[in-house]
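Visitor: Attaching a predicted model along with its sequence, questions to come.
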Amino acid sequence: MEEEKQIILEYVKRLFNEDDRADITDTTDLISEGYIDSFNMVVMQVMIEKTFKIKLKNITTEDFRTVDNMTKLIKR
């Protein structure tokens with residue numbers, strides 16, 4: 001699970017925080033910090049599905065709140 005978390009974290013850092021990548025951690029609230037909106041949730045969903053060769057079902061906003069939450073999606 002750590003490898004999956006690292007892949008997602010690096011993707012999020014590249015996509016959302018080009019200026020100061022050190023600020024985003026696996027527990028950063030990406031929604032309240034303004035990184036994730038409805039469009040970016042779709043971007044992240046597609047990235048997770050393609051990278052890990054899974055189909056996400058019954059996802060909610062909370063699933064994209066943190067990198068930890070997104071990592072848990074892989075195991076559901």
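Guide: On my side now, so go ahead. Small disclaimer: the values here were computed from a predicted structure and weren't measured. Numbering: from 1, shown residues only.

Visitor: remind me which residues of the chain are low pLDDT?
Guide: 17-22 (pLDDT under 70).

Visitor: ranges for the helices of it?
Guide: Applying DSSP state H to the chain gives helices spanning 2-16, 38-52, 67-75.

Visitor: and the angle from the shortest one to helix 38-52?
Guide: Orientation of helix 67-75 against helix 38-52 (axes from the mean of the first three to the mean of the last three C-alpha atoms, to 10 degrees) gives an angle of 50 degrees.

Visitor: Against which helices or strands is helix 67-75 packed?
Guide: Counting by 3 or more C-beta pairs under 8 Å, 6 or more residues apart in numbering; DSSP states H and E, the packing neighbours recorded for helix 67-75 are helix 2-16, helix 38-52. From N, CA and C alone the C-beta is placed, and that goes for glycine too.

Visitor: So which of these is nearest residue 29?
Guide: helix 2-16 (12.2 Å; C-beta to C-beta).

Visitor: Can you give me the buried ones in that closest one?
Guide: 4, 5, 7, 8, 9, 11, 12, 13, 16 (16 or more other C-beta atoms under 10 Å).

Visitor: biggest separation within those residues, which pair?
Guide: Of all pairs in the buried residues of helix 2-16, the most separated under C-beta to C-beta is 4 and 16 at 18.2 Å.

Visitor: pretty sure residue 66 contacts residue 27?
Guide: Yes. Between residue 66 and residue 27 there is a contact at 5.5 Å, judged by C-beta atoms under 8 Å.

Visitor: more neighbours, the two?
Guide: Counting neighbours by other C-beta atoms under 10 Å for residue 66 and for residue 27 shows that residue 66 has the greater number, 22 against 11.

Visitor: separation between that one and residue 34?
Guide: Computed as C-beta to C-beta, to the nearest Å, the residue 66 to residue 34 distance reads 14 Å.

Visitor: picking that back up, with distance to residue 61 as extra columns, can I get the helices and strands packed on helix 67-75 in TSV?
Guide: Formatted as TSV, the helices and strands packed on helix 67-75 follow (distance: least, C-beta to C-beta, whole Å):
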stretch	distance to residue 61
helix 2-16	16
helix 38-52	7
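
Visitor: Alright, I will stop here.
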